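>>> Next one to model:
(one chain, ligands or ions: 2)
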Amino acid sequence: MHVSNRVEFGHLIDNEEFNLVPLNPELWEIEKNRWDWERRYLNPGYLEVVEANSTVEMPCPDVYWFPVFTERFSQEMITTFEDFGKWSDGTHDDGRLEGGYESVPTVDIHMKQMGMEAEWLEILRSYIQPLQLKVFQGYNNEVGPPRAIMNFMVRYKPDEQPFLRPHHDTSTYTINVALNRPGDDYQGGGCRFVRYNCSVTDSRVGWVLMHPGRLTHLHEGLPTTHGTRYIIVSFVDP
Ligand SMILES: O=C(O)CCC(=O)C(=O)O
Ligand SMILES: [Fe+2]
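Residues are numbered from 1 along each chain as shown. Ligands and ions are numbered 1, 2, ... in the order given. Below you'll find the model as predicted:
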């Protein structure tokens, strides 16, 4: 008999509780099948940027930019959320919130509606918190994992909600994930930081912008003039 450990014959997966309801159920597998999840959805550049001595891009003052997700993640998230389809109407009345009022409404779907809240918090803990510790030295979420109640995908289109007026987020810091490509999938769009008159418009698919939430980083979503722009936003430590 010949035995070899040099050839990869496959690996075990845990298929209990596999979520068969949505499109792309693999997106939910971060905890159960992390090896596969990372191979599909974690940007290969992530491991380099999370290293202690790596340099981090800063497109605007105290706005950091990291490769975190793959193109496949971004594409599958869009198709899965679009297939679900329960976009909010972008008005101030929001029954999903305690108090029922959203002061800066977007056309969006919350992770909670998708049953993806726990998985998203796991993403924040595993991949976002290490980046946060790199750029906001000494801020360790009051010694625990990042907390976030507002985790959602936003959709901008010219004939629906094309832009978002300047506002502060209810967060200590915010992450903003670009899911599709300016120039190809949409025209216009991007995020402008008013205090610095600085905009990030050359968004990169699967890359995360990280910026302080309150006080300094008043920001706006610039008008999408053609096509549809998709982002995921998360308000960390509200
Ligand atoms: O369009 C953007 O990039 C900004 C989105 C935003 O500020 C928000 O959803 O709070
Ligand atoms: Fe915002």
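>>> Which secondary structure elements does the single longest strand found in the chain sit against?
With secondary structure taken from DSSP state E, the chain has its longest strand at strand 229-236. Counting contacts by 3 or more C-beta pairs under 8 Å, 6 or more residues apart in numbering; DSSP states H and E, strand 229-236 packs against helix 71-84, strand 151-156, strand 173-178. To be clear about C-beta, it is placed using only N, CA and C from the backbone, and glycine gets the same treatment.
>>> Quick check: which of the ones you listed is nearest to Ser199?
strand 173-178 (12.6 Å; C-beta to C-beta).
>>> on that earlier part again, how about the longest strand of the chain: buried residues?
Neighbour-count burial for strand 229-236, counted by 16 or more other C-beta atoms under 10 Å, picks out Arg229, Tyr230, Ile231, Ile232, Val233, Ser234, Phe235, Val236.
>>> pLDDT score for whatever residue of the chain ends up closest to ligand 1?
Going by C-beta to the nearest ligand atom, ligand 1 is nearest to Gly221 of the chain, at 2.7 Å. Looking at Gly221, its pLDDT is 98.
>>> what sits against it?
The neighbours of Gly221, taking C-beta atoms under 8 Å, 6 or more residues apart in numbering as the test, are Thr106, Val154, Tyr156, Phe163, Leu164, Gly189, Gly190, Cys191.
>>> Check the buried residues of strand 229-236 one by one and keep those near ligand 1.
Ile231, Val233 (C-beta under 6 Å from any ligand atom).
>>> Could you list the residues of the protein in contact with ligand 1?
Applying C-beta under 6 Å from any ligand atom, we find that the chain lies next to ligand 1 at Thr106, Val154, Leu164, Asp169, Asn176, Cys191, His219, Gly221, Ile231, Val233.
>>> Separate out the buried members of these.
For the residues of the chain next to ligand 1, buried by 16+ other C-beta under 10 Å: Thr106, Val154, Leu164, Asp169, Asn176, Cys191, His219, Gly221, Ile231, Val233.
>>> So for stretch 66-73, what gets flagged as buried?
Phe66, Pro67, Val68, Phe69, Thr70, Arg72, Phe73.
>>> which one of these is nearest Met210?
Phe66 (6.9 Å).
>>> Throw the residues of the chain next to ligand 1 into a markdown table and include distance to Phe84, thanks.
Shown next, in a markdown table, are these (distance: C-beta to C-beta, whole Å):
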| residue | distance to Phe84 |
| --- | --- |
| Thr106 | 16 |
| Val154 | 14 |
| Leu164 | 22 |
| Asp169 | 24 |
| Asn176 | 21 |
| Cys191 | 25 |
| His219 | 27 |
| Gly221 | 22 |
| Ile231 | 17 |
| Val233 | 17 |
